[in-house]
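Colleague: could you work out the structure for the sequence below:
(2 chains)
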Number of protein chains: 2
Amino acid sequence: MTEPQEPSLAQAGKIMLVGIGPGSVEHMTQRARDAIAEADVVIGYVTYIKLVADLLEGKEIIRKSMTEELDRAISALEAAESGKKVALISSGDAGVYGMAGPTYEVLFQAGWTPDHAVQVEIIPGASAINSCASRVGAPLTHDFCSISLSDLLTPWPTIARRLDAVAYADFVVALYNPKSGRRTRQIVEAQRLFLRHRRPDTPVAIVKSAYRRRERIEFTTLDHMAEADIGMLSTVLIGNSNTFVRHGLMVTPRGYANKYDLEEGGSTLAGEKAGRSLSTGLLGWLETLQADYAAGASLAQLAAQHRLPEAYIQATLDEPLEPAAADAAEEAEA
Amino acid sequence: MTEPQEPSLAQAGKIMLVGIGPGSVEHMTQRARDAIAEADVVIGYVTYIKLVADLLEGKEIIRKSMTEELDRAISALEAAESGKKVALISSGDAGVYGMAGPTYEVLFQAGWTPDHAVQVEIIPGASAINSCASRVGAPLTHDFCSISLSDLLTPWPTIARRLDAVAYADFVVALYNPKSGRRTRQIVEAQRLFLRHRRPDTPVAIVKSAYRRRERIEFTTLDHMAEADIGMLSTVLIGNSNTFVRHGLMVTPRGYANKYDLEEGGSTLAGEKAGRSLSTGLLGWLETLQADYAAGASLAQLAAQHRLPEAYIQATLDEPLEPAAADAAEEAEA
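Modeller: The predicted structure follows:
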């Protein structure tokens, strides 16, 4: 490490981890463009380098293959230590299955700390999940997960456990790296796990190269997902139990209990009030739980009814209802 | 709906759902800036309107409160039907707990279809999860989930089931809307559910107003999460079992089995080969499973060993190993 007063500090380089978004220049942030503009060296996977080719005149370019993530980070550190400004580019967001993680792994192994002369900046961008979602409608309006089906660094049982858990808990799910020429059975196994918990007609969208020249969008359903045309550049979006496709748009409603009635005289389901949510919230639920338990319901019955672990039901029953319920009512009137 | 040849079509408006990113203008995309520039009307929550105040000169501004999401969409449709271009702004990404969902709900209820004169464009941006992650290090390098703790439209058992599932399946998790003046117990319940499956010292980062003037970042651990200073503008990031904090940076390694050795002579754990992943992938796992089953292991034993449902183990055993394994080996050599 150099001392602050040494001249080498003035020449200290910088690593900028740039998320370029989906790949079209207009969907990059200003900071991402500026970072590439001020870089002496641009390092990235060949495909990403091509996407920003218009911004690279006069720069040193280091192209790496898909698997050389650590090499990219090592090259970035070497260039930065020689005083250069380096833009290490990722498609989407640099933090989501991108270069931010491998770069910190390499930096830490090399003894780097934030006090080191080489500075690091991460520049966020719209991730593939955001870009793909915006092209198919509004599938991410409720809770969602992102799972990579690449089993190169992650044991399959870990991936399978995740697929099973989020299928059960009714998340909207984005599958990254769903399939390649060699990895063809992962998507079949993902479908198998999802069908244990989800309806066969659950909407699925397959988005390839969002916002790029060869963009392709295909809608299908869970029971046909594994037969669809899925490749390395595809992101697979699986809806939750409320997601629907209408007029070629995939939309997930915001909540589970929201049945709004926008026009007077419109129909509401029995038991619903127009313009009101049916959710009673946590406090309302805790009150009901206490009452049902006092009325003789067993822990096992309550656990089965709410599809939650008995131990969790027990723990919430053990805790007194906080006075927050009363406060909330007052606050609402204020 | 107007006929194509009627003059009103020439004046047909447009709704642009703009994700403005974290809130600083330099982290907006060019397309987001252009959309606001070409808009006649800008509609949004008061706080978001303030964030883009510099871009709004000469425009009609409609400010709405936090809860008036459907009102915002209705106002947008009305303005667009009168021929105006409308920018409906969301912080982060317009699709993630943003205005894209409510807008399509309103449009569909009003009988809108994609053939309608009013056009709709969704402009993706870096979501809060991406922006917050980029400020704390690289926590999202592996599979992650986003869960809102707001129980206004979602029953608590649904939220609790999700928290329990993703805590068990070891996701990195971002909690949106973790707490407000009135909703204080949700974060306590989230902590309770996570502690059923995760170590008390699991790293947690609380990020408030990323990239804005009052940005604040706090690191804590799962067992102290509920005591931390968390508010309406906070995003809570909970690491997975491999996430660590070093030198004030929160980093999640890319895989579970990756122990790379970057320098010759560096140390590797017993049984590992330098530069190689320990994951055998799906096909390797299936082979082991078949072998163990043939050697007499019961379904229950295999299910317990791999922490997967018996029915899933059974289903994979029923399916023959595809010739893909052999193909893959050939392909690798080609």
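
Colleague: nearest residue to the middle of chain A?
Modeller: With distances taken as Cα atoms, centre = their mean, A:S146 lies nearest the centre of chain A, 4.5 Å away.

Colleague: per-residue pLDDT, it?
Modeller: pLDDT recorded at A:S146 is 97.

Colleague: buried sites along stretch A:139-146?
Modeller: Residues A:139-146 are the ones in stretch A:139-146 that count as buried (16 or more other Cβ atoms under 10 Å in any protein chain shown). For every residue, glycine as well, the C-beta is placed using N, CA and C.

Colleague: between those residues, which sits nearest chain B?
Modeller: Lowest distance from chain B to those (Cβ to the nearest Cβ) belongs to A:T141, with 3.0 Å.

Colleague: about what we covered before: next, the angle from the helix or strand encompassing the residue nearest to the centre of chain A to strand B:144-148.
Modeller: Assigned by DSSP states H and E, A:S146 falls within strand A:144-148. Interaxial angle, strand A:144-148 versus strand B:144-148 (axes from the mean of the first three to the mean of the last three Cα atoms, to 10 degrees): 180 degrees.

Colleague: so what secondary structure elements neighbour strand A:144-148?
Modeller: Where contact means 3 or more Cβ pairs under 8 Å, 6 or more residues apart in numbering or on different chains; DSSP states H and E, strand A:144-148 is packed against helix A:156-168, strand A:172-176, strand B:144-148.

Colleague: can you do 6 Å?
Modeller: strand A:172-176, strand B:144-148 (3 or more Cβ pairs under 6 Å, 6 or more residues apart in numbering or on different chains; DSSP states H and E).

Colleague: tell me the SS of whichever residue of the stretch 201-334 of chain A sits closest to chain B?
Modeller: Relative to chain B, the nearest point of the stretch 201-334 of chain A is A:G255 (2.4 Å; Cβ to the nearest Cβ). Three-state assignment for A:G255 (DSSP: H, G, I helix; E, B strand; the rest coil): coil.

Colleague: isn't it up against B:L152?
Modeller: No: assessed by Cβ atoms under 6 Å, A:G255 is found out of contact with B:L152, at 7.2 Å.

Colleague: ok, which stretches of the stretch 151-300 of chain A are strands?
Modeller: Along the stretch 151-300 of chain A, the segments classed as strands by DSSP state E, counting those that start in this stretch run A:172-176, A:203-208, A:216-221, A:234-238, A:244-246, A:249-251.

Colleague: include mean neighbour count when you put those into TSV, please.
Modeller: Formatted as TSV, the strands of the stretch 151-300 of chain A follow (neighbours: other Cβ atoms under 10 Å in any protein chain shown):
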stretch	mean neighbour count
strand A:172-176	24
strand A:203-208	23
strand A:216-221	16
strand A:234-238	26
strand A:244-246	15
strand A:249-251	23
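
Colleague: ok, what's across the strand from A:V86?
Modeller: A:V86 has the following beta-bridge partners by DSSP bridges: A:I15, A:V41.

Colleague: what about it, how many residues nearby?
Modeller: Applying other Cβ atoms under 10 Å in any protein chain shown, we find 28 residues neighbouring A:V86.

Colleague: with A:T113 instead?
Modeller: Neighbours of A:T113 under the rule other Cβ under 10 Å: 12.

Colleague: sec struct for it, please.
Modeller: Following three-state DSSP, A:T113 is assigned to coil.

Colleague: returning to that earlier point: which of A:G255 and B:L152 has more neighbours?
Modeller: Set side by side, A:G255 and B:L152 show more neighbours around A:G255, with 23 against 15, by other Cβ under 10 Å.

Colleague: tell me who's in contact with the more buried one.
Modeller: By Cβ atoms under 6 Å, 6 or more residues apart in numbering or on different chains, the residues touching A:G255 are B:153-154.

Colleague: roughly how far does it sit from A:S279?
Modeller: 7 Å (Cβ to Cβ, to the nearest Å).

Colleague: find residues that contact each of those two.
Modeller: B:153-154.

Colleague: which non-adjacent residue is nearest the closest residue to chain B within the stretch 101-250 of chain A?
Modeller: Closest approach between the stretch 101-250 of chain A and chain B, counting by Cβ to the nearest Cβ: A:L153, at 2.4 Å. Among residues not flanking A:L153 along the chain, B:G255 sits closest, at 2.4 Å (Cβ to Cβ, 6 or more residues apart in numbering or on different chains).

Colleague: returning to what we had before: between the helices and strands packed on strand A:144-148, which gets nearest to A:L286?
Modeller: Nearest to A:L286, of all the helices and strands packed on strand A:144-148, is strand B:144-148, at 18.8 Å by Cβ to Cβ.

Colleague: who touches the closest one?
Modeller: A:143-146, B:97, B:129, B:162, B:166, B:171-177.

Colleague: can you give me the angle that strand makes with strand B:234-238?
Modeller: 140 degrees.

Colleague: what's in contact with the strand or helix carrying A:G44?
Modeller: A:G44 belongs to strand A:41-45 when assigned by DSSP H and E. Residues from elsewhere that reach strand A:41-45, judged by Cβ under 6 Å, 6+ apart: A:56, A:59-62, A:66, A:72, A:75-76, A:79, A:84, A:86-89.

Colleague: could you give the mean pLDDT of that strand?
Modeller: Averaging pLDDT along strand A:41-45 gives 95.

Colleague: so how far is that strand off the chain centroid?
Modeller: On the basis of Cα atoms, centre = their mean, to the nearest Å, strand A:41-45 sits 24 Å off its chain's mean C-alpha point.
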